[in-house]
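Novice: 3D, please:
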Amino acid sequence: MNEPAKPRSHGRFSARPTAGARPLTQDQAPVDAFRVKVLTIFPELFPGPLAASLTGKALAERLWSLEVLDIRRFARNKHRTVDDTPAGGGPGLVMKPDVVAAAIDAAGADTVPADAPDERERWPMIYLSPRGRPLTQARVRALAGAEGMTLLCGRFEGVDERVLEARGVEELSIGDFVLTGGEIPAMALIDAVVRLRPGVLGNEASTEVESFAAGLLEHPHYTRPQLWEGRAIPEVLLSGHHARIAEWRRARAEALTKERRPDLWRAYQATGGDTEQSDANTTAGKGGQKGN
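Specialist: The predicted structure follows:
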């Protein structure tokens with residue numbers, strides 16, 4: 001007599017690329033799970049690294065969900081054309097407003113209409129762009145408190161300006177450099193936001209002392225062995241004197257910030273060390289990726 005097959009363990013979470021729109025854990029996610037929608041012409045790039053480590057574990061546990069929509073699905077010709085030459089001439093191509101708008105609209109009723117900017121924080125619509133406002137840890141924390149977010153990944157020379165205006169799209173940048181598209185910046189933003197969601201990090205207190213949390217860069221870290229290649233752990237960290245350790249860490253954080261990020265240091269000084277105000281007024285990086 002044949003015994004019924006035992007259920008198999010699927011091990012760690014894995015995800016396969018798809019050329020079309022594919023919701024990941026979307027249907028089974030709890031109502032209060034953080035939802036992310038990504039619009040891209042390269043859906044096969046997702047979830048990519050987001051399927052690994054803590055974000056991947058949280059995705060498998062349905063603490064957040066990911067839905068990827070292929071912008072080419074909304075093209076209006078048999079060649080699935082999503083771009084055209086720039087008005088006024090010049091090099092490159094620009095993503096078409098009708099196609100991109102159709103993709104944004106198809107992202108669902110969760111997104112807030114452009115004529116309701118006061119409600120936009122409930123579900124931000126974000127375009128990763130080099131001309132966007134610099135992404136800050138304060139903005140990341142605000143996004144983590146939303147119901148979800150929709151991310152538009154640009155390519156070529158960018159997206160027709162009329163779409164951004166008509167749909168009330170927020171532009172964010174992750175740094176003063178140019179990439180070939182917005183997918184990598186989108187992944188970076190998703191990772192930064194998801195890790196702040198409840199239950200994702202094993203030790204949520206760690207977010208309180210990391211870089212930018214207090215308007216400063218984070219202090220140096222050490223672990224065993226106590227002596228490595230002739231370099232010893234600073235004695236104060238082995239003293240067991242918590243007040244001295246805290247003082248040393250703050251002093252090192254201030255010294256590193258002053259040396260490496262004068263902009264952060266100036267903002268920190270301007271607030272007199274008010275960590276909340278300093279964090280709100282400083283940036284974690286200027287400029288951006290091309291969204292192209």
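
Novice: And the pLDDT at the nearest residue to residue 30 once chain neighbours are set aside?
Specialist: Spatially, and ignoring its direct neighbours in sequence, residue 30 is nearest to residue 62 (6.1 Å; CB to CB, 6 or more residues apart in numbering). Every C-beta, even on glycine, is put in place using the N, C-alpha and C of the backbone. Residue 62 is assigned 96 on the pLDDT scale.

Novice: right, and the secondary structure at residue 65 would be what?
Specialist: Under DSSP: H, G, I helix; E, B strand; the rest coil, residue 65 falls in the strand class.

Novice: what's the neighbour count on the closest residue to residue 45 other than its chain neighbours?
Specialist: Leaving aside its chain neighbours, residue 45 sits nearest to residue 183 (5.0 Å; criterion: CB to CB, 6+ apart). Counted by other CB atoms under 10 Å, the residues lying close to residue 183 total 24.

Novice: just to revisit the earlier point, the residue nearest to residue 30 against residue 35, yeah?
Specialist: No - counting by CB atoms under 8 Å, residue 62 does not reach residue 35; the two are 10.7 Å apart.

Novice: With neighbour numbers in mind, choose between those two.
Specialist: Comparing residue 62 with residue 35 by other CB under 10 Å, the one with more neighbours is residue 35, at 22 against 15.

Novice: Quick check: the gap between that one and residue 128.
Specialist: As judged by CB to CB, to the nearest Å, residue 35 and residue 128 stand 18 Å apart.

Novice: Could you do residue 73 as well?
Specialist: Using CB to CB, residue 73 is found at 20 Å from residue 128.

Novice: could you give the mean pLDDT of the longest strand belonging to the chain?
Specialist: Scanning the chain for the strand with the most residues, using DSSP state E, yields strand 125-134. The average pLDDT within strand 125-134 is 96.

Novice: What residues sit buried inside that strand?
Specialist: Buried residues in strand 125-134, counted by 16 or more other CB atoms under 10 Å: 125-130, 132, 134.

Novice: so where is the chain shaky, pLDDT-wise?
Specialist: Along the chain, the model assigns pLDDT under 70 to residues 1-29, 31, 109-118, 203-211, 213, 274-292.

Novice: can you give me the strands for it?
Specialist: Along the chain, counting by DSSP E, strands occupy 22-24, 34-40, 64-70, 83-84, 94-95, 125-134, 148-152, 170-173, 227-228, 231-232.

Novice: what packs against the fourth one?
Specialist: With contacts defined as 3 or more CB pairs under 8 Å, 6 or more residues apart in numbering; DSSP states H and E, the secondary structure elements packing on strand 83-84 are strand 94-95.
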